[in-house]
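J.: The following comprises the amino acid sequence and a computationally predicted model.
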Amino acid sequence: MTMKKSKLTTLAVIFASCSALASQAISDTTYGPFPITVKGYTGTKTNSVSYTGQMARHVLHDSLKKLAGTGTGEANPALEAEMMAYFSGSKKNKAIIAPVSKDGFKLKQTLVNSISSGKNLSGKSYKGVVNGWPGQMTGAEVLEHMIKKAASAKGGFDPNTGYNYPQLISKFAMGAVFYNQAVDNYLDEKLGADNKPNAKPYKDGAYYSGKEHVWDEGFGYWGAAANALNLSAKENYEVAKMKNFTAADFNNDGEVDLKTEMTFAHAYYASSYDKGGKTNYLHTVTKAFVDGRELISAANSKNLTDAQRDQLVGYAAVISSNWEKVIAESVFKYAGSVYKDIGKLEGLLDSNGDTTKAFANYCKHWGELKGFSMAIQSGKNNLGETAVKMNRMIGFGPVLLNASQVTGINSSGEFLKDEALSWGEYKLHMLKIQKLMIDAFGVEARANDQTEGLAALAASLGTSESAEND
Amino acid sequence: MIDFLISIFEHFVDPKKRIFLGYIILSLVIAFIWLIFIKKFSLNDAFSKVFDKRIFFSKSSKSDYLIFLLNRVFTLFISPMLITQIVIATFIFHALHQITWLDVNMFKEVPKTIIVGLFTLFIFLLDDLTKYFVHRWMHKYPILWALHKVHHSATELTPLTIYRTHPLEGIVFSLRSAFTQGLAISVFFFLFGDKVSLATVLGVNVVIFLFNVAGSNLRHSHIGIRYWRWLEFILISPAQHQLHHSIAKEHHDKNFGATLALWDWIFKSLHYSTDTEKLTLGLDENQTSKEHSLYTIYISPVVEVIEIIRTKIISSYQNIKKIIYQFLKIKRQIKKKLISQRKDNTNVKI
């Protein structure tokens, strides 16, 4: 019996190792095309995959971020209105402000409606109260408040509060819209048997079934190119950075189609961590999406059996947990950046140096840290104590050079400041946040790890196990 | 099983371990030099002395070998449960941020060679000093002595006697090591940043390497190498450590040091070496072979520890009972006094 057990264990280990290796290898699988399975469909479509609405939201997000950094420092209602057009949607066919073509990297679309029309970010933003931001506002309200402030901040940066709005808006929106919609909606309640059943079209006349489209929408929010599994993490990263046209132009038509060939948002961050070689988030999540879509397609527009739905929920769990880890990796990374930035600022303050640039960098990284920390709280999991610790340690604003910090907001929406922590204590908070990300989410890439040197030093001494009498 | 075999193998091929074959061979060379050139033994006599089968096949030594093997198994299970140096280092590193007059990397500008030298020396000194104190406490406190006497029950010393250690004592040693390393690396990393590293030879702290190359294995052996008197104030000679294992009363609680004799000198527990041929090693004169049984080695210390704790609890309970009794007695006396005073007052009114 024991022998049998050990053999089984060995087989399991071999199988697991092979699976792990396979998951790291580049596959030739793509997300689509998948056949039309909806019964009675008479149209001309041959591919049931559709997630253009999500890709439109990715360009709305990128464009909004770009606009948020264009303020002049004066009140600017026109800029605010323009930003709101990208946030809340517009009847006009707005230009895609980012990403835009550059030499050697031609994009197929230049207008938002060329991807999908009538889309916005506001309607899909996190509906709960955002605890990490002052004012007890919902996700959409927080983003709108940030947009208003960004419009009058020079380059989107307000040195009085330390807020870098392009970063805050972008990173929080990635969580409040993309992550929230995917993991708390499409991969959650919409996988229910009676919610968007697979035996019916998603809506009347649609060429995709209920579950086919639910799954596609989740994939669209993830932001990976359809051929992400064919590319290495580094290549996917280069696609997002618009530095590798060959990798991006999958169908070799001389243009990068923003609907299917671009890497956006969380998929981009996943690739940035994976290229370090310690993690495989992008391929793990994308593979789970592809496997799930294959399962739904194979059901051929019949309602999923309980076993099939369990399997699909299993894929969704893989996606959600890895996605959450990708955001936690970002919180970890930027907590490390803020820690390092404070060190540089302290040095400059000691030597009476010019802190302008270092302070702006510090606030930029803080904005990314804050944005991602709010994003990770926008998923379906109640992070409870982890969220409380994170919000308290980061605070509502960065510690400023005059030892103050944003602590709240008044009834007019103006930020209130009060005495801040010391630099030493704030740096300690950053270290604790890094530790929290390891303990609570098990982050593995650990970019900008501020105690990595400590661990390396400990490793150089060898084990502390010492059961000997000298 | 594979982990167990690897662990055994590692002890002989890893230069971080005391019984690394390279160190054993060098110790043999030193032993021969000592016997032939200092003690004027012939080569044959020296050979017979070094490889004395009465020592290596004694009951004491055989139990050492068995304990070495059994302890590897215990270590495999216990080690993962122990707090590691990195946990302690992280805790201290965090705490240092709260000291306002200290800054991260405040001495980063110091040349790397100096930092590496300082760190290597600091960690060696701290390690050796904490070893001295833990060893001293092992002899001082009855609970710890109940564990440590397993090591002292060896009546013959061989290099493997260092592993004649009760697993609970091993836990104490591991905690000491984790604390020492955690403190050193956190403080140095905080003050000097990424420039900190250890000066090593074959991956081992250069000072420890020199100690091992200089015949550290001879401390637990029957080769009583003695140093010059002045050197025995600084470094513990093999003969000085062998004297630490002597049953003679005048040798009790002497020479606790691991590498340096300095600590014994400073804290007044130093004893120069004597002719080790005259020493009787072990716990006492009446020691029987029972002391080498597995029951005595592994179970008896635990029974003794429990008994010490039980006695302590009972005596504390008795003391508390006495205090309560005294308290009640005083309370009764005060009450009596108050009643009599009240009576007196009533009489006066009448």
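T.: Looks like it arrived, so ask away. Numbering: from 1, shown residues only, chains lettered A, B, ... in the order given.
J.: Where does the prediction get shaky in the stretch 251-350 of chain B?
T.: B:348-350 (pLDDT under 70).
J.: Quick check: phi and psi on residue 299?
T.: Reading this off chain A. phi -70, psi -10 (degrees, to the nearest 10).
J.: Counting neighbours, what do you get for the residue nearest to it when sequence neighbours are not counted?
T.: Spatial nearest neighbour of residue A:299, chain neighbours left out: residue A:198 (5.7 Å); criterion: C-beta to C-beta, 6 or more residues apart in numbering or on different chains. From N, CA and C alone the C-beta is placed, and that goes for glycine too. Using other C-beta atoms under 10 Å in any protein chain shown, residue A:198 has 26 neighbouring residues.
J.: how far away is residue A:198 from residue A:135?
T.: 42 Å (C-beta to C-beta, to the nearest Å).
J.: what residues does the helix or strand hosting residue B:144 touch?
T.: Taking DSSP states H and E as the definition, residue B:144 sits inside helix B:142-152. The contact list for helix B:142-152, computed with C-beta atoms under 8 Å, 6 or more residues apart in numbering or on different chains, reads A:469, B:137-139, B:161, B:164-166, B:168-169, B:172, B:245, B:282-283, B:297, B:301, B:304-305, B:308-309.
J.: Without its sequence neighbours, what residue ends up closest to the residue of chain A found nearest chain B?
T.: For chain A, the residue closest to chain B is residue A:467, as judged by C-beta to the nearest C-beta, at 3.0 Å. Of all residues not flanking residue A:467 in the chain, residue B:170 sits nearest, at 3.0 Å (C-beta to C-beta, 6+ apart).
J.: One more: residue A:94?
T.: residue A:112 (4.9 Å).
J.: Tell me which of the contacts of helix B:142-152 fall in helices.
T.: The members of the contacts of helix B:142-152 that map onto helices under DSSP state H are B:137-139, B:168-169, B:172, B:301, B:304-305, B:308-309.
J.: right, and out of those residues, which lies closest to chain A?
T.: Taking those together and measuring to chain A by C-beta to the nearest C-beta, the closest member is residue B:169, at 7.6 Å.
J.: ok so, going back, out of the contacts of helix B:142-152, which end up buried?
T.: Among the contacts of helix B:142-152, those buried by neighbour count (16 or more other C-beta atoms under 10 Å in any protein chain shown) are A:469, B:137-139, B:161, B:164-166, B:168-169, B:172, B:245, B:282, B:297, B:301, B:304-305.
J.: what residue lies at the spatial centre of the chain?
T.: Because you didn't say which chain, this covers chain A. Centroid-nearest residue in chain A: residue A:266, 3.2 Å away (criterion: C-alpha atoms, centre = their mean).
J.: um, chain B though
T.: residue B:135 (3.9 Å).
J.: Which element, helix or strand, includes that residue?
T.: helix B:112-140.
J.: For the residue of chain B found nearest chain A, give me its contacts.
T.: Per C-beta to the nearest C-beta, residue B:170 is where chain B lies closest to chain A, at 3.0 Å. Residue B:170 is in contact with A:466-468, B:71, B:74-75, B:78, counting by C-beta under 8 Å, 6+ apart.
J.: That concludes my questions; thank you for your assistance.
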